[in-house]
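> Sharing a sequence plus its predicted fold:
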Amino acid sequence: MFKLKLIIIIFLNFIFTNNTIGEIKINYKIGDEIITNIDILNEKKYLIFLRPNLVNLPENEVLKITENSLVREIIKVKEINRIFSNQDDLKFIDDVKKNLFRFKNVKNEKDFIKLTNQNNIEYEKIIKKIKYEALWNELIFKKYNSLIKIDEDKLRQQILKKIENNKRFEYNLSELLFDIDKDDNLKNKYNIISNYISQNDFKTAASRFSISNSSNKGGEIGWIKETLLSNNLNIILNKMNINEIKKPIKYPNGYLILKINDKKEMKQTINIEKELKERIKFERNKQLNQFSLLYYKKLKQNTVIDEY
């Protein structure tokens with residue numbers, strides 16, 4: 001036992017003093033949790049696996065995104081552990097896994113494990129991350145679902161009104177949702193983002209600046225029927241050309257920049273009830289996402305974060 005302890009002490013001393021392995025440094029302290037430079041390097045590896053377009057960013061920006069990701073995860077997990085006593089009975093985890101498999105273009109769990117091994121990624125850690133994200137979404141749903149307000153009659157009338165128009169479109173959209181710090185202003189922040197888009201591309205800029213969940217996909221939302229969008233957004237999109245980027249629109253929790261990647265005319269046959277169901281789901285998810293952003297901001301404001 002003494003020899004084992006001695007070996008451990010020597011090994012730890014070697015890690016902390018030998019430059020060939022690298023010095024372990026504490027970068028952040030969040031309550032009783034710490035984030036080291038090793039944690040940041042590991043997190044960077046996982047983020048690039050999930051968001052490959054991050055490799056197009058400068059190294060210092062990738063590291064900043066990585067640090068923010070770790071801070072966000074620790075704050076969320078603390079709240080998840082406080083709320084959920086049982087985290088093993090996750091009926092929805094299989095659906096979350098399937099979405100991840102589709103995103104990485106693999107057919108099943110076996111192929112996904114093979115992909116993680118090829119990228120030197122621990123499968124269990126990836127699953128743990130998406131489990132916590134799923135639990136966070138469940139937390140937000142349970143906390144705020146009763147506060148969601150959806151006027152179904154209004155949505156139905158909007159759909160009926162759109163049906164009157166012979167030409168209806170589907171838009172392939174990307175978004176960049178950003179907020180403004182207290183010591184900044186809209187014009188300055190937009191100029192920074194706009195210049196960044198000019199020097200790189202919209203996808204890279206969304207990964208860098210967007211606070212929306214779509215930042216994981218470079219801001220890509222995908223195809224959305226105009227019947228799912230508000231009248232104000234439809235007016236804006238109808239005037240935009242493909243690959244055009246719209247100036248910021250005031251949006252709950254920030255400012256929204258939209259880009260049209262493509263558009264196509266919809267078929268004329270519309271199932272009103274199906275459209276209504278999709279619109280309700282879209283509106284519900286939008287409101288839940290807004291609540292999620294607000295709740296996280298509140299938790300972060302009440303959390304002591306020491307940066308070293």
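Received, thanks.
> For the rest of this, base every contact and every neighbour count on C-alpha atoms.
Will do.
> now for the secondary structure element (helix or strand) that residue 41 belongs to, which elements pack on it?
Using DSSP states H and E, residue 41 falls within helix 37-50. When contacts are defined as 3 or more CA pairs under 8 Å, 6 or more residues apart in numbering; DSSP states H and E, helix 37-50 sits against helix 59-83.
> What is the helix it packs on packed up against?
helix 37-50, helix 123-144, helix 272-301.
> hey, which of those helices is tucked in deepest?
Mean neighbours per residue, mean count of other CA atoms under 10 Å, is largest over the helices and strands packed on helix 59-83 for helix 37-50, with a mean of 18.
> Output that helix in CSV with nothing but the alpha carbons.
Presented in CSV, the C-alpha positions along helix 37-50 are these (Å, rounded to 0.1, in the frame of the first residue of the first chain):
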residue,chain,number,x,y,z
ASN,A,37,-6.8,23.9,-18.9
ILE,A,38,-7.0,20.2,-19.4
ASP,A,39,-10.8,20.3,-19.1
ILE,A,40,-10.9,23.1,-21.7
LEU,A,41,-8.8,21.1,-24.2
ASN,A,42,-11.0,18.0,-23.7
GLU,A,43,-14.2,20.0,-24.1
LYS,A,44,-12.7,21.6,-27.3
LYS,A,45,-12.3,18.1,-28.7
TYR,A,46,-16.0,17.2,-28.0
LEU,A,47,-17.3,20.6,-29.3
ILE,A,48,-15.4,20.2,-32.6
PHE,A,49,-16.8,16.7,-33.0
LEU,A,50,-20.3,18.1,-32.5
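> Next, give phi and psi for residue 252.
Dihedral pair for residue 252: phi -50, psi 130, per degrees, to the nearest 10.
> excluding its backbone neighbours, what's nearest it?
Closest residue to residue 252 apart from its sequence neighbours, by CA to CA, 6 or more residues apart in numbering: residue 290 at 7.0 Å.
> I'd guessed that neighbour sits against residue 283; true?
No - judged on CA atoms under 8 Å, residue 290 makes no contact with residue 283 at a distance of 10.7 Å.
> any weak-confidence spans in the stretch 51-200 of the chain?
For the stretch 51-200 of the chain, the stretches with pLDDT under 70 are 87-91, 165-166.
> Bridged to residue 262, which residues?
residue 172 (DSSP bridges).
> residues contacting it?
171-173, 242-243 (CA atoms under 8 Å, 6 or more residues apart in numbering).
> Neighbour-wise, which one of those leads?
Using other CA atoms under 10 Å as the neighbour test, those are led by residue 171, with 23 neighbours.
> Can you verify my assumption that that residue contacts residue 259?
No - look at residue 171 against residue 259 with CA under 8 Å: they stay out of range, at 9.7 Å.
> all helices in the stretch 151-300 of the chain, in order from the N-terminus.
152-163, 186-199, 202-209, 231-238, 272-301 (DSSP state H, counting those that start in this stretch).
> residues in contact with the fourth one?
Contact with helix 231-238 is made by 158, 226, 260, as judged by CA under 8 Å, 6+ apart.
> Among the residues you listed, which one lies nearest to residue 187?
Taking CA to CA as the measure, residue 260 is the one of the contacts of helix 231-238 closest to residue 187, at 22.3 Å.
> And residue 297, how far from residue 147?
Counting by CA to CA, to the nearest Å, the separation of residue 297 from residue 147 is 18 Å.
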